[in-house]
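[1] The amino acid sequence is not available; the structure is as follows:
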């Protein structure tokens, strides 16, 4: 079902509350590891193993060090906020399915190592936001796409094995997943506003403005009843008094 534009671009508490909740969750898990000396890396995605499938759900909440979680915090907050504001009707689908699908793709194509971090979901959001805006052809969503490319366009390089220790497979899986979601959910978007004359059932004969012109485009001068009343001539007749 298509929603009206005003239903898409509507601010609510969840636009800010949900992203804050996600950020606090990953930081809470990281604090727990540091405070009590745990290492949850073994719960990450380990490709092509049955045990490694648990990482599809758990790996986004696990980070290796303070630098890792710090670099993921700001993009996660910014992109999830944009998601809940511009695409709030499908935001939860994109987030939950994004984690599952990108995690599973990582499990399929990844190297035999533990893949952890929420960067896979971040790549889902970057890819989805960009391609969705292009497909929608809505000026607000296109502006959002350009903003995402301006801020995070350089992330595309990390979908290739250019730096040791980075799960480029997880990034690539997120990029692919975001593109797929943009295509799957292409109908659940805000439509650009159409003026009366752009609508399919528009009839020029009923347009109050065009009625002032003939078929050749010449202006037809018309007078309103008030103007006609003012322009009416009043003739007085009188008779001389001979007395």
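    Sure, I can see it. Just so it is clear, the structure is predicted and the values come from calculations on it, not from any experiment. Numbering: from 1, shown residues only.

[2] what about residue 19, neighbour count?
    20 (other CB atoms under 10 Å). (Glycine included, C-beta is placed from N, CA and C.)

[3] Compute the distance between it and residue 98, please.
    14 Å (CB to CB, to the nearest Å).

[4] Now do the longest helix seen in the chain: which elements does it pack against?
    Longest helix in the chain by number of residues (criterion: DSSP state H): helix 13-36. For helix 13-36, the contact count by 3 or more CB pairs under 8 Å, 6 or more residues apart in numbering; DSSP states H and E identifies helix 66-86 as packing neighbours.

[5] So which bits of the helix it packs on are buried?
    Neighbour-count burial for helix 66-86, counted by 16 or more other CB atoms under 10 Å, picks out 68-69, 72-73, 75-76, 78-80, 82-86.

[6] and if you look at stretch 41-57?
    Buried residues in stretch 41-57 (16+ other CB under 10 Å): 41, 43, 44, 45, 46, 47, 52, 53, 54, 55, 56.

[7] Equivalent analysis for stretch 59-66, please.
    Buried residues in stretch 59-66 (16+ other CB under 10 Å): 59, 60, 61, 62, 63, 64.

[8] Closest one to residue 115 out of the residues you listed, please.
    Proximity of the buried residues of stretch 59-66 to residue 115 (CB to CB) peaks at residue 59, which lies at 6.1 Å.

[9] show me the residues around the closest one that make contact.
    43, 44, 45, 103, 115, 116, 117, 120 (CB atoms under 8 Å, 6 or more residues apart in numbering).

[10] and residue 151, how many neighbours does it have?
    14.

[11] what's the angle between the helix or strand that contains it and helix 66-86?
    Applying DSSP states H and E as the criterion places residue 151 in helix 139-152. Between the axes of helix 139-152 and helix 66-86, defined by axes from the mean of the first three to the mean of the last three CA atoms, to 10 degrees, the angle is 170 degrees.
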